[in-house]
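A.B. asks: Have a look at this fold, sequence not included:
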């Protein structure tokens, strides 16, 4: 079925959910790569039109994750929205590659929303840590969500915070189970996420050419929160 879907040139959304966990068994990893990174059967290669993929309740393992990662790092992929349930049967034990998806996040140039359902396993800590570090290099992802029974360590918190404060100016929403973080850390993260949603990337890129009047308008728009004003004053100080 996935091979057939990959031949439809105008297909943009693929949403597949098994009725129960593992009910439809395994998906061939090669067919998944074909779906996400379509190549025409003619002599001329074409890019896929698929922008949204949701795979739920399938028995996905590292071979699938590796194929997805490879496809996301290909310049043929235009995928923008991806949801993967990696907590289904076939995903128990030490099988989650701690590097594959983080590598894709770091190098992908199209993905804007990534939602992952995870289960506790030996490599989860390294996976989350590498993902947080990968965000420091990503320029397109706006929404990242982790669902399931996960916990995050202080090292992971630090990497997320460092990435959003100094490097990532694109992400606007980070979803985590409320039981796995402190309110103090969440407030710090939300501050930088809101800055990004307000256009921090564009503002800092254009700061050198902005007039004083434009900076005043920025401060007026941020007048409801003194934290935003303080941040923008620090950013604008060389130009005011």
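C.D. replies: Received it, and whenever you're ready, just let me know what you need. From a predicted model like this one, the values you see are computed outputs, not experimental measurements. Numbers count the residues shown, from 1 in each chain.
A.B. asks: Would you mind splitting the protein into its domains for me?
C.D. replies: Listed by automatic domain parsing, the domain ranges of the chain are 2-197, 201-240.
A.B. asks: can you give me the end-to-end distance of the first one?
C.D. replies: This points to domain 2-197. One end of domain 2-197 sits 35 Å from the other (C-alpha to C-alpha, to the nearest Å).
A.B. asks: Point out the most buried one among the domains of the chain.
C.D. replies: The highest mean neighbour count among the domains of the chain, using mean count of other C-beta atoms under 10 Å, belongs to domain 2-197: a mean of 17. (C-beta placed from N, C-alpha, C; glycine too.)
A.B. asks: so residue 168 makes contact with residue 196?
C.D. replies: Yes: applying C-beta atoms under 8 Å, one finds residue 168 in contact with residue 196, separated by 7.4 Å.
A.B. asks: could you redo the domains of the chain as a markdown table and give each row mean pLDDT?
C.D. replies: As requested, those are exported to a markdown table (pLDDT from 0 to 100):
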| stretch | mean pLDDT |
| --- | --- |
| domain 2-197 | 84 |
| domain 201-240 | 80 |
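A.B. asks: what are the ranges of the strands in the chain?
C.D. replies: 13-17, 52-56, 81-85, 113-117, 143-147, 173-175 (DSSP state E).
A.B. asks: Which of the ones you listed sits closest to residue 160?
C.D. replies: strand 173-175 (7.1 Å; C-beta to C-beta).
A.B. asks: Show me what the longest helix seen in the chain is packed against.
C.D. replies: Counting by DSSP state H, the longest helix found in the chain is helix 183-197. Secondary-structure packing of helix 183-197 (3 or more C-beta pairs under 8 Å, 6 or more residues apart in numbering; DSSP states H and E): helix 154-166, strand 173-175, helix 226-236.
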